[in-house]
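Student: sequence unknown, structure follows:
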DNA sequence: TATATTTATTTCAATTTGGAATTAAGATCA
DNA sequence: TGATCTTAATTCCAAATTGAAATAAATATA
């Protein structure tokens, strides 16, 4: 088990590898112009990387007369990356090649059974199965974990994952346990940071200032500035949800939370509460017939909205509006070039994204030079797991 | 006019210079442990820096038996830095030594007279005066500008400084103009970024995750993550003020602004409006007697609050509460280790800081490992100008 | 086909580097 | 006060790295 940061030897090869990675496909000229290396040093470095199997020549570029430049890209099978997503709804393990294309996926629901010990066991079994099937053991570079917070990411400890059904999830040094069992390097970060990092690395267009928001039961967000994930002193992706958008507004989900928090207005939790209230108030809606003990699940609400139930649609619209307001706040603070939205709430109904981004655009302070672009997470369900795998790359070239 | 980044030759000396700068005073051992340089290379680099006059030996450190290590620090007069703060209320020019201690200051009110051309003239005259008095021309390394946004900082252009009384301030390439006139390198950033950078560099304790909020007529903020100022795609320090803390709440200051924005609840502007409303409503307060055409100025409100006028105090308290709410939102998003508050609103009345931080603490999602520290800007009025001067350092060692 | 242009590779002297050995300067203890 | 020990700074040299120039290769153009 060689430490990741020693897999590629020397700072120059690492830098060049990163450059090639971020470009996708590059000529020597481009590398020369951007980086500090001279032509001869670059040749030596590229040779070294090619010899180590990290990169490959992939054809020739265009040239305005004269010899055509050789193009380089990362060798997709120079290593394999494992990514594990531990969320409130389930766990997901992904095996990716070096270009972050998923080769295999497996998911487990987060139920009463899934203790940390059992999850580790299943991950191990799954990895061993894949080793037999598609790859050898020493191709695996390591495992990245994207977990729900609060965490101590650097130490690989999940501090207190609220609302996990199985016991034993408090203060688990999950990274160390996985490291020991799998005998592979393990890195950890929160899910939102992992997702945004994966999103950044896999996007064609590299927007250096990104904002990612995942809306599900709660709200999670992360951001990138100048191509680097922004870290605070604490690792709590979920605390954006505590942002107040209505001073002394609706009550919080958890006792310690804020009245009028974003989460209490724009999340699956908020929607379900509003739906239950609508049923309780006796509003004329098909939701009433489908409620169980006065509760309406998110799934049913989506179905009824798709069937054009006016109350369901109104609730979704209201939720999207509030979501847009919180989004505008984030944009006004962070000024991203691009905003990536993900999570079941955003993808559940086609109009949600449109309404939310319209509201956000209207409430954002903008002038001609600055207009943020909105988009949805491409990989959606796999975003966190793939991003977690991508954490390893950062270490590889650090 | 040598480019700043070429003043110190070579990446190693630059790195070491930065390290010494950030430490204040260091031994060779510490530099050795942190940086990648070996003992012999470090000796060579330190010699080079000492020869160039950038650093000096300053005494000996402690040792547990044996020879005591030599301590190094930056030579305060290895250069002089100019900082210019262009704000809505006035302009301020500061001359600092390399340890960012101000040697001279001059201020000009932002009135009808202060066109860009005239400001440049005054700055030039002032610099020439200082050159005669305390320093030689070639000691000056350059001029840093901290201006109100929106800007194009990299290009040194002030796009559209709202509410400047003098004409001619739209789309001014102020950095280029100053560069031509002074024949010195000029760098520019927004005032909040400048202030937080200065605050970071001059603080004893280097908190790597900082948040700075300046509350005056409007609200300006900036933040540092991992020792680096966070930049977005746009340069608009003032747009935090557009953060919504009360959906469809009080009306905005400017037509394009948001209803219920932080700025419309927690700024001098908001306070004055509330005070005027209180007088209009005929509340029993000494503010009524001191109002002019129904308007109450911030200064008078502070005076009456100091005299224990209940309405004035209530208004301040209300304002501080809302300020604390917005602050909590920022903290929940950015998780700073330390929060630095500045501006006339914060320093105007002793209770404002206390109330605001209490509210912010209560509304912040925290767990035992994370409790942000609050403090006020040390240099207060000079913070932006000194920070602007400090921008030059970043270039010097880049 | 010759020439110009652009890119890739090789070569070699000059510089830079890392480590070991040496020197220097306290601190401790008898 | 002097011997011994500990740690820091300096010096020196072989080995590695580097940058620039020269050469080679491939393509477009006349």
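Tutor: Perfect, thanks for sending it. Note that the structure is a prediction, hence the values are computed from the model and not measured. Numbers count the residues shown, from 1 in each chain, chains lettered A, B, ... in the order given.
Student: From now on I want contacts and neighbour counts done on CA atoms only, so please keep to that.
Tutor: OK.
Student: Please give me every residue in contact with residue A:330.
Tutor: By C-alpha atoms under 8 Å, 6 or more residues apart in numbering or on different chains, residue A:330 lies in contact with residue B:243.
Student: Give the rounded mean pLDDT of the strand or helix carrying it.
Tutor: In this structure, residue A:330 sits in helix A:310-334 according to DSSP states H and E. Here helix A:310-334 scores 97 as its mean pLDDT.
Student: Report the angle between it and helix B:310-334.
Tutor: Here helix A:310-334 points in a direction 90 degrees away from that of helix B:310-334 (axes from the mean of the first three to the mean of the last three C-alpha atoms, to 10 degrees).
Student: Now do the buried residues in helix A:310-334.
Tutor: The neighbour-count check on helix A:310-334 (16 or more other C-alpha atoms under 10 Å in any protein chain shown) flags A:311-313, A:315-334 as buried.
Student: Identify the residues contacting stretch A:151-159?
Tutor: The contact list for stretch A:151-159 (C-alpha under 8 Å, 6+ apart) reads A:147-150, A:160, A:169-176, A:187-190, A:234-236.
Student: Just the ones of these in strands?
Tutor: Mapping the contacts of stretch A:151-159 onto strands (DSSP state E) picks out A:147, A:187-190.
Student: Filter the contacts of stretch A:151-159 down to the buried ones, ChimeraX style.
Tutor: ChimeraX command restricting those to the buried ones, with burial defined by 16+ other C-alpha under 10 Å:
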select /A:147,148,149,150,160,169,172,173,174,175,176,187,188,189,190,234,235,236
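Student: Keep the contacts of stretch A:151-159, but drop any that are not near DNA strand D.
Tutor: Among the contacts of stretch A:151-159, proximity to DNA strand D is found for none (C-alpha under 7 Å from any atom of the strand).
Student: so where is the stretch 251-398 of chain A shaky, pLDDT-wise?
Tutor: Along the stretch 251-398 of chain A, the model assigns pLDDT under 70 to no residue.
Student: from the contacts of stretch A:151-159, which ones fall inside helices?
Tutor: Cross-referencing the contacts of stretch A:151-159 against helices under DSSP state H gives A:174-176.
Student: Is chain B within reach of stretch A:310-318?
Tutor: No. Stretch A:310-318 lies apart from chain B when judged by C-alpha under 8 Å from any C-alpha of the partner chain; the minimum separation is 12.2 Å.
Student: Now do that stretch: distance to the chain's middle.
Tutor: Its chain's C-alpha centre and that of stretch A:310-318 lie 28 Å apart, by C-alpha atoms, centre = their mean, to the nearest Å.
Student: Give me the contacts around it.
Tutor: With contacts defined as C-alpha under 8 Å, 6+ apart, stretch A:310-318 is touched by A:271, A:274-275, A:278, A:283-285, A:287, A:301-302, A:304-305, A:351-352, A:355.
Student: Equivalent analysis for stretch A:83-97, please.
Tutor: So stretch A:83-97 is in contact with A:76-77, A:79-82, A:102-111, A:123, A:143-148, A:163-164, A:191, A:382, A:384-390, going by C-alpha under 8 Å, 6+ apart.
Student: Now which of those residues would you call buried?
Tutor: Buried members of these, scored by 16+ other C-alpha under 10 Å, are A:76-77, A:79-82, A:102, A:105, A:110, A:123, A:143-148, A:164, A:191, A:382, A:384-390.
Student: Could I get the contacting residues of residue A:328?
Tutor: A:359-361, A:363-364, B:243.
Student: now with 7 Å?
Tutor: Residues near residue A:328 by C-alpha atoms under 7 Å, 6 or more residues apart in numbering or on different chains: A:360-361, A:363-364.
Student: next one: residue A:288
Tutor: Taking C-alpha under 7 Å, 6+ apart as the criterion, residue A:288 is in contact with residue A:279.
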